[in-house]
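Colleague: Make a model of this:
(one chain, ligands or ions: 2)
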Amino acid sequence: MSLPLQSDTTIRFPRLIDCHVHFREPGLEQKGTMRSEAAAAKAGGVGIVCEMPNTDPPTVTIAALADKVRRAAEVDDCGIRFFFGVTDSVHLRAIEELWTGTSADMRRLKARCPGVKIYLDHSTGNQKVNAGLLDDVFQTCGRHGIPVVAHCEDAEMNARLQAENARADVGAHSFIRPPESEAKAIGHAITFAKKHGSRLHIAHLSTRDGVELVRRAKADGLPVTCEVAPHHVFLTTDDYAALGTFAKMNPPLRTRDHVEALWAGIADGTVDCIATDHAPHTIEEKRSSNPLDAPSGVPGVETMLPLLLTVALGGWPHPASARPAACALTMNDIVRLCFTHPNHIFSLGASDEEVLAVDPDAEWTIRGKDLHSKCQWTPYEGWNVKGKIVEWLAVQAVMMSVHPDE
Ligand code: DOR
Ligand code: ZN
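Modeller: Numbering: from 1, shown residues only. Ligands and ions are numbered 1, 2, ... in the order given. Presented below is the predicted three-dimensional model:
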């Protein structure tokens, strides 16, 4: 079966995959729990998520991974896979043990781990990898075929700009962590991936130069892939005025020219996946007295599909900005970006056994208080979107409800 299928009133999608979320458990349960954030995923049409290691404790040991896998077994609303974090060489030896272990327990845990996540600069959870370790990370992962997901921002450049910064407004966040910082870090990561033949996936790509670097790496035949996050293609630095710290994330919002470049990258296939970087923080945490001290991150797992559907149906959901010239998306693109590619890149083994039925004519307004994430807010507050999930169906029901000639 090839999805999406269209019947007379609904469109059917495979349950989506979000290959970049932060579900906060264990240790940060005031922001979210596996149960609360999985409910948000399900309500957003997402059936499998890949969760990041910056919890407390971080997922940098086999014991921490086993603990998360145990917790996830109690959660029904979506499947959860867990990236393994590396900040120290001992973590690298642990992932190597996980990847090569032959015991039933190791194989069971490995099946729940889609790869390694590294941070080239600090973000929530202070997981920056020691720069001296990068060569070993790429060599080890290259040797074992472990995908490396990289948060690409240059730590030195960011630190220098932060030290020089005299502004206190949240808009300064985009200057302290500038586009050049992302490009430099991506270039660095690609160099290591090329040297060791390792698979490299760039997380939440946000800049024109970043897209161009990935485009060139692909043209050179390197195993480099990337994702963009909805907030980087629907919001710009203009949104700080209305959203304040609720628009603060890493990497930060960019100007409109970068947003255009991201849409162009989606259109020409340079961008492989759309992934939310769903990163809930409490409203109180976001309302920090010093805006630049507010935690970075926005929720997104429940709003990705309606935002993308609105575009695929010919609209543009942002009430105060114009649709970017390069913005274009078909229903098939949504399946490719949010199911087929992440499924393939991270060998998730998802099938289209369970599908979503979406009513494309249903219009509704996004309200944080109606969403399922524990944080109860959204940067898309008040946006009108199209497309509502009407139900999750088993595959046989779909075949029966579709006209024979379709
Ligand atoms: O904005 C972000 N929030 N970027 C990250 O890298 C981490 C995330 C979080 O965990 O809050
Ligand atoms: Zn993230």
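Colleague: how close does the nearest residue to residue 204 once chain neighbours are set aside sit to residue 265?
Modeller: In this structure, residue 204 finds its nearest non-sequential neighbour in residue 229, 4.5 Å apart by C-beta to C-beta, 6 or more residues apart in numbering. In this view, the C-beta of every residue, glycine as well, is placed from N, C-alpha and C. To residue 265, residue 229 is 13 Å away according to C-beta to C-beta, to the nearest Å.
Colleague: Likewise for residue 315?
Modeller: Using C-beta to C-beta, residue 315 is found at 21 Å from residue 265.
Colleague: Give me the more crowded residue out of these two.
Modeller: Taking other C-beta atoms under 10 Å, residue 315 and residue 265 do not tie; residue 265 has more neighbours (23 against 15).
Colleague: So what does the more buried one look like in phi/psi?
Modeller: Main-chain torsions, residue 265, degrees, to the nearest 10: phi -70, psi -30.
Colleague: Show me which positions of stretch 217-224 end up buried.
Modeller: Across stretch 217-224, burial judged by 16 or more other C-beta atoms under 10 Å covers 217, 218, 222, 223, 224.
Colleague: which one is the first one nearest to, not counting chain neighbours?
Modeller: Read that as residue 217. residue 224 (4.0 Å).
Colleague: Could you do the third one as well?
Modeller: Spatial nearest neighbour of residue 222, excluding adjacent residues (C-beta to C-beta, 6+ apart): residue 194 at 5.7 Å.
Colleague: In three-state terms, label the one you found for me.
Modeller: At residue 194 the chain is in helix, as set by DSSP: H, G, I helix; E, B strand; the rest coil.
Colleague: what's near enough to touch it?
Modeller: 217, 220, 222 (C-beta atoms under 8 Å, 6 or more residues apart in numbering).
Colleague: Filter those down to the ones in helices?
Modeller: Among the contacts of residue 194, the residues falling in helices (DSSP state H) are residue 217.
Colleague: from the contacts of residue 194, which single one is nearest ligand 1?
Modeller: residue 217 (21.7 Å; C-beta to the nearest ligand atom).
Colleague: Could you measure from that closest one over to residue 211?
Modeller: 11 Å.
Colleague: before we move on, what about residue 355?
Modeller: Distance from residue 355 to residue 211, by C-beta to C-beta: 31 Å.
Colleague: pretty sure residue 322 contacts residue 260?
Modeller: No: the pair residue 322 / residue 260 is not scored as a contact, 11.0 Å apart, by C-beta atoms under 8 Å.
Colleague: Please identify which of those two sits among more neighbours.
Modeller: Using other C-beta under 10 Å, the more surrounded residue of residue 322 and residue 260 is residue 260, with 17 against 9.
Colleague: tell me the contacts of that one?
Modeller: The contact partners of residue 260, taken as C-beta under 8 Å, 6+ apart, are 208, 324, 325, 326.
Colleague: Now do the SS call for it.
Modeller: State at residue 260, reduced to three classes by three-state DSSP: helix.
Colleague: Distance check, it against ligand 1.
Modeller: According to C-beta to the nearest ligand atom, to the nearest Å, residue 260 and ligand 1 sit 22 Å apart.
Colleague: what does residue 329 give?
Modeller: For residue 329, the distance to ligand 1 equals 24 Å [C-beta to the nearest ligand atom].
Colleague: Okay, and that residue sits in which element?
Modeller: Counting by DSSP states H and E, there is no helix or strand that carries residue 329.
Colleague: and it, how many neighbours does it have?
Modeller: 21.
Colleague: wait, it sits on residue 312?
Modeller: Yes: in this structure, residue 329 is within contact of residue 312 by C-beta under 8 Å, at 4.7 Å.
Colleague: Quick one: end-to-end length of stretch 298-308, please.
Modeller: 17 Å (C-alpha to C-alpha, to the nearest Å).
Colleague: mind giving me a markdown table with the buried residues of stretch 217-224 and columns for distance to residue 20 and pLDDT?
Modeller: Converted to a markdown table, the buried residues of stretch 217-224 look like this (distance: C-beta to C-beta, whole Å; pLDDT from 0 to 100):
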| residue | distance to residue 20 | pLDDT |
| --- | --- | --- |
| 217 | 19 | 98 |
| 218 | 20 | 98 |
| 222 | 21 | 98 |
| 223 | 18 | 98 |
| 224 | 16 | 98 |
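Colleague: With distance to ligand 1 added, can I get the residues you listed in CSV?
Modeller: Output for the buried residues of stretch 217-224, formatted as CSV (distance: C-beta to the nearest ligand atom, whole Å):
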residue, distance to ligand 1
217, 22
218, 24
222, 24
223, 23
224, 19
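Colleague: next structured bit after the host helix or strand of residue 342?
Modeller: Per DSSP H and E, residue 342 falls inside helix 341-345. Remark: after helix 341-345, the chain's next helix or strand is strand 354-365, criterion DSSP H and E.
Colleague: Name every strand pairing with that following strand and say which way it goes.
Modeller: strand 11-14 (antiparallel), strand 384-394 (antiparallel) (DSSP bridges).
Colleague: before we move on, back to that, run through the contacts of residue 260 and flag the ones next to ligand 1.
Modeller: Applying C-beta under 6 Å from any ligand atom to these, one finds that nothing falls near ligand 1.
Colleague: Going by distance to ligand 1, which of these wins?
Modeller: residue 208 (19.9 Å).
Colleague: gap between the closest residue to the closest one other than its chain neighbours and ligand 1?
Modeller: Excluding the flanking residues, the one nearest residue 208 by C-beta to C-beta, 6+ apart is residue 261, at 3.6 Å. Residue 261 is 20 Å from ligand 1, where distance means C-beta to the nearest ligand atom.
Colleague: For the stretch 51-200 of the chain, what lies in contact range of ligand 1?
Modeller: Counting by C-beta under 6 Å from any ligand atom, the stretch 51-200 of the chain sits next to ligand 1 at 54, 123, 124, 151.
Colleague: Tally up the residues packed near the third one, please.
Modeller: Taking other C-beta under 10 Å as the criterion, the count of residues near residue 124 is 20.
Colleague: Can we start the residue count at 13 from this point?
Modeller: Sure thing, new numbering starts at 13, so read that last one as residue 136.
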